[in-house]
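# next input, structure requested:
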Amino acid sequence: MNFVSVRIITSDVQRLVRFYGEITDMPVTMYTEDFAELATPACTLAIGSTRTLQLFGDDVTRPADSHTAIIEFRVGDVDAEFARLSDTIKDATVQKPTTMPWGNRSLLFRDPDGNLVNFFTPVTAEAIKKFDK
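Residues are numbered from 1 along each chain as shown. Purely as a prediction, here's the structure:
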């Protein structure tokens, strides 16, 4: 088995495509007006409109209503990313770069739909070893 994707359902695909393209500085591929993907070497972040859920039935998910998941990106230097994105995420920052007890330096902020996003950099020898497998 291989974990390959997480999909965010939104009522505004274009807004999230612009946001994730800007924060990751990576291209987001629009396949249709209702579906896009940000492909990284480890996993894909898919962005789908609420219209894509019509295939699965009513009330499968509610856009902009996530309070349990965090979308995480490993970055080379979380402090540099915070400086780069300071204007973009200034009103959405939940936690400025902080070294966590498990060895990652972490920046938490919300995307335009309110989903939590974590940019992190392993900083302790143990955390670095874990992610450099």
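
# who are the contact partners of A36?
Contacts of A36 were listed using Cβ atoms under 8 Å, 6 or more residues apart in numbering, and they are V13, L16, V17, V28, T29, M30, A46, I47, G48. The C-beta positions use only the backbone N, C-alpha and C, and glycine is treated the same way.

# filter those residues to the buried ones?
Among the contacts of A36, those classed as buried by 16 or more other Cβ atoms under 10 Å are V13, L16, V17, V28, A46, I47, G48.

# surely the fifth one is in a helix?
No: with DSSP: H, G, I helix; E, B strand; the rest coil as the criterion, A46 is assigned strand and is not in a helix.

# nearest spatial neighbour of it, chain-adjacent residues omitted?
By the measure of Cβ to Cβ, 6 or more residues apart in numbering, the closest residue to A46 outside its immediate chain neighbours is R7, 3.9 Å from it.

# could you do V13 as well?
S49 (4.9 Å).

# these two touch, right, the one you found and D34?
Yes: with contacts counted by Cβ atoms under 8 Å, S49 reaches D34, the gap being 4.0 Å.

# off-centre distance for the one helix or strand E37 maps to?
Secondary-structure assignment from DSSP states H and E places E37 in strand 35-39. Centroid separation between strand 35-39 and its chain, computed with Cα atoms, centre = their mean, to the nearest Å, is 12 Å.

# may I ask which helix or strand encompasses the nearest residue to T40 once chain neighbours are set aside?
Taking Cβ to Cβ, 6+ apart, and ignoring the residues beside it in sequence, T40 has M26 as its nearest neighbour in space, at 7.1 Å. M26 is part of no helix or strand, with elements assigned from DSSP H and E.

# now M26: how far from R105?
Between M26 and R105 the computed distance is 21 Å (Cβ to Cβ, to the nearest Å).
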